[in-house]
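Colleague: for reference, the sequence and a predicted model appear below.
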Amino acid sequence: MKTAVVAIGGNALIAPGKKLTLENQMDRLRQTSKELVDLIQMGYDIVLTHGNGPQVGNILMQNELTRDEVPEMPLDALVAESQGLIGYMLQQSLTNELAKRGINKIAISVLTQVIVDEDDPAFNTPTKPVGMFYPREQAEKFTKEKGWVFGYEADQDGYRRLVPSPTPKKIVESRAMRRLIFGGEHQVELIIACGGGGIPVVKKDGKYVGVEAVVDKDLAACRLAMDIEEKLFIMLTDVDYVYLNYGTPQQTPIKKMTVADAKKHLKEGHFGKGSMAPKIVAATRFLEHKGEETIITSFAKLEDSIMKGDGTHITR
Ligand code: ADP
Ligand code: MG
């Protein structure tokens, strides 16, 4: 068996436009699980990482709406809650699909802490919007009381909290994960880890403590792939290819590129900030470490990306 780190985006967890009920999410996951187990049947053991945007958004809103009755939780705790929720749904759905096909594995999710640097410059300039929109007076009140930073969003005419998005340096649980992946007797379990970019922690006086930040999920997946020394890193999203001149009449799919090509196109601004750009940065970091190949494609093209070379393949 070969192994791969597979990162799945929000569209793998909920169908576009659907309400975030447990039922709708489980429905979507039945399809996602089929496609992931297909990959296992193609001969790959997988370590799965996933986004948490809509789920953590809802948990955050529950917090914000009940803060007068129930103690409010900090962001690291909320990311942990979302890992638990999504991990549960993925575990059940994937384990059911594995059993249906008679594959002797179970899916296990690992609550994952990601170490970031206390003096990462991202802490000085929060950029990632989270939670509800507030009117100006309320935002000013929170700034005074809690030291939160807000950004104005014109289309909603409201203020939204901005949190830092620091670089993931190391995964606390990676050694234990290596054991789950490589240390078994005959069978390797399907590991789910680093959900929502992982729970951000810093190391202070030799101890881990949570911080109010959000780690980009693609960069965290890349860190995980490097920590466990995988060779193949697959990012599954809602486009079949990475494109040049995306969204223009000249848009062309990239079938193959090297790290040097990727860096050049990134500089030229071909990749959306906050969407495709972090995936490209993650791909190049992984390949410059010990990675051999990164594939960016959609679920629909997953099988053909392995069998026929569809999707965008990035190599050193
Ligand atoms: P995910 O949840 O999978 O991380 P994102 O929305 O963050 O999804 O990233 C995928 C999106 O990136 C695509 O839907 C597309 O709109 C956008 N994108 C920006 N630039 C490009 C590009 N050059 N090629 C392909 N997609 C791009
Ligand atoms: Mg994204």
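Modeller: Right, received. Where do you want to start? Ligands and ions are numbered 1, 2, ... in the order given.
Colleague: run a quick neighbour tally on Glu97.
Modeller: By other Cβ atoms under 10 Å, the residues close to Glu97 number 22. C-betas here are computed from N, CA, C, even on glycine.
Colleague: name the helices or strands packed onto the helix or strand of the chain with the lowest mean pLDDT?
Modeller: When each helix and strand of the chain is scored by mean pLDDT, DSSP states H and E, helix 174-182 comes last, with a mean of 86. When contacts are defined as 3 or more Cβ pairs under 8 Å, 6 or more residues apart in numbering; DSSP states H and E, helix 174-182 packs onto strand 44-50, strand 107-110, strand 190-193, helix 217-227.
Colleague: and of those, who's closest to Ser82?
Modeller: strand 44-50 (9.7 Å; Cβ to Cβ).
Colleague: for ligand 1, what's its nearest residue on the protein.
Modeller: Gly9 (2.0 Å; Cβ to the nearest ligand atom).
Colleague: neighbours of the closest residue to that residue other than its chain neighbours, just the number please.
Modeller: Nearest-residue entry for Gly9: Thr237, 4.4 Å, with adjacent residues in sequence omitted and distances by Cβ to Cβ, 6 or more residues apart in numbering. Thr237: 21 surrounding residues under other Cβ under 10 Å.
Colleague: cool, and Gly17?
Modeller: Neighbour number of Gly17 under other Cβ under 10 Å is 5.
Colleague: one more: the one 10 residues further on?
Modeller: The number of residues packed near Asp27 is 15, by other Cβ under 10 Å.
Colleague: phi and psi next, for the most far-flung residue of the chain relative to its centre.
Modeller: Centroid-distance maximum for the chain: Glu137 at 33.5 Å, with Cα atoms, centre = their mean. Per-residue torsions, Glu137: phi -60, psi -40 (degrees, to the nearest 10).
Colleague: same check, this time on the one 5 residues further on
Modeller: The phi/psi pair for Phe142 (degrees, to the nearest 10) reads phi -70, psi -30.
Colleague: quick check: the gap between it and Arg67.
Modeller: 10 Å (Cβ to Cβ, to the nearest Å).
Colleague: which of those two has more neighbours?
Modeller: The neighbour comparison of Phe142 against Arg67 (other Cβ under 10 Å) goes to Phe142, with 16 against 11.
Colleague: that one against Tyr134, yeah?
Modeller: Yes - between Phe142 and Tyr134 there is a contact under Cβ atoms under 8 Å: 7.3 Å.
Colleague: shared neighbours, these two?
Modeller: Here Phe142 and Tyr134 have Phe150 as joint contacts, going by Cβ atoms under 8 Å, 6 or more residues apart in numbering.
Colleague: re earlier: turn the helices and strands packed on helix 174-182 into CSV, columns for distance to ligand 1 and mean neighbour count.
Modeller: Shown next, in CSV, are the helices and strands packed on helix 174-182 (distance: least, Cβ to the nearest ligand atom, whole Å; neighbours: other Cβ atoms under 10 Å):
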stretch, distance to ligand 1, mean neighbour count
strand 44-50, 9, 25
strand 107-110, 19, 20
strand 190-193, 16, 26
helix 217-227, 6, 27
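Colleague: rewinding a little: residues contacting the residue of the chain closest to ligand 1?
Modeller: Contacts of Gly9 by Cβ under 8 Å, 6+ apart are 51, 235-238.
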